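S.K.: sequence and predicted structure are below.
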Amino acid sequence: PGPGAAAPGLRTAAALARRLQRAPLAGWAAGFAVAGAVFGGVAKGVADLVGGNARVADLMARLGGRQGLLDGYLAAIAELLGMVAAGYAVQAVLRLRGEEASGRAEPVLATATGRLRWAAGHLLYGLLGPALLLAVAGLTAGLGEGAALGDPAGAVGRLVPAFLVRLPAVWLTAAVAVAVFGLAPRWTAAAWGVLGLFVLVSWLGPVLRLPRAVLDLSPFTHTPHLPGGPVAAAPVLWVTGLAVLAAAAGLAGLRRRDLG
């Protein structure tokens, strides 16, 4: 049932992906806005509360870097929300598998639409959606912290880049999901397992003082611990390059494998 022809805004594969992905992205963005505002608004209070507790301060330093306590807290929150944004990225990418397994992809691909064009619209959300989420969280966290400290503009300018610098690690997580979907579609749940591994290594690794070789398994270990920490371009470029290679492998597999 319904119109025999699509509206002008629904006549491309990208438009179909936008129709399917926009509602989840809006819900995630609202959640990130609230989370950023809450975490940013209590930042000064948290720093004052744990400032006299050497054990808690040391734990915060290991999670967020050995800069000032306030910056360490904010860096830890930025990394946490980066991992949550990676969860959204995996969800957006694996929507492709849901469309394929349900049979809804078949009538789309039976037309002149190629597989890569069909996938591109969804992958665009997997890449740019996390950027929007982290920018929103950085903005609201900056406004929350700035309201407490009396410098909203300065806090926003400091925290938005601190949140966005986690994007290469998010993209690598999404690229792993692309690779699994393209090369071994029946094992797409493994993409969630990889994300879980990254989260465990990044959060429990410093607390448990795991060896550096284990910590390096998570791409979030290699992103700069901003605000307040040093910035090195090489690790960010390496993580981004690995993301490109993994995504390319997945798309190459998608072009050649059977659908089902």
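M.R.: Yep, it's here.

S.K.: now do the end-to-end distance for stretch 181-192.
M.R.: 12 Å (C-alpha to C-alpha, to the nearest Å).

S.K.: could you pull out the buried residues of it?
M.R.: 181, 182, 183, 185, 188, 191 (16 or more other C-beta atoms under 10 Å). For glycine as for every other residue, the C-beta is placed from the backbone atoms N, C-alpha and C.

S.K.: ok, now stretch 119-129?
M.R.: Buried, per 16+ other C-beta under 10 Å, within stretch 119-129: 119, 121, 122, 123, 125, 126, 127, 129.

S.K.: including distance to residue 39, secondary structure and pLDDT, could the residues you listed go into TSV?
M.R.: Shown next, in TSV, are those (distance: C-beta to C-beta, whole Å; DSSP: H, G, I helix; E, B strand; the rest coil; pLDDT from 0 to 100):
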residue	distance to residue 39	secondary structure	pLDDT
119	34	helix	94
121	32	helix	91
122	30	helix	94
123	29	helix	95
125	25	helix	95
126	24	helix	94
127	25	helix	94
129	20	helix	96
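
S.K.: return the closest of these with respect to residue 89.
M.R.: Distance to residue 89 across the buried residues of stretch 119-129 (C-beta to C-beta) is lowest for residue 126, with 4.8 Å.

S.K.: could you measure from the closest one over to residue 6?
M.R.: Remark: distance between residue 126 and residue 6 (C-beta to C-beta, to the nearest Å) = 24 Å.

S.K.: report the secondary structure state of residue 112.
M.R.: Recorded secondary structure, residue 112: coil (DSSP: H, G, I helix; E, B strand; the rest coil).

S.K.: roughly how far apart are it and residue 12?
M.R.: Residue 112 is 11 Å from residue 12, by C-beta to C-beta.

S.K.: if we can go back for a sec, nearest to residue 26, of the buried residues of stretch 119-129?
M.R.: residue 129 (10.3 Å).

S.K.: got the phi/psi numbers for the nearest residue to the closest one once chain neighbours are set aside?
M.R.: Ranked by C-beta to C-beta, 6 or more residues apart in numbering and with sequence neighbours excluded, the top spatial neighbour of residue 129 is residue 25, at 5.2 Å. Here is the backbone geometry of residue 25 (degrees, to the nearest 10): phi -60, psi -40.

S.K.: gap between stretch 138-147 and the chain center?
M.R.: Remark: stretch 138-147 is offset 20 Å from the chain centroid, using C-alpha atoms, centre = their mean, to the nearest Å.

S.K.: run through who's touching it.
M.R.: 32-44, 74, 77-78, 152-164 (C-beta atoms under 8 Å, 6 or more residues apart in numbering).

S.K.: now which of those would you call buried?
M.R.: Of these, these count as buried by 16+ other C-beta under 10 Å: 32-33, 35-37, 39-44, 74, 77-78, 155-156, 158-164.

S.K.: out of the residues you listed, which are inside strands?
M.R.: Judged by DSSP state E, strands contain none of these.

S.K.: now, which of those residues lie within helices?
M.R.: By the criterion of DSSP state H, membership of the buried ones among the contacts of stretch 138-147 in helices covers 32-33, 35-37, 39-41, 43-44, 74, 77-78, 155-156, 158-164.
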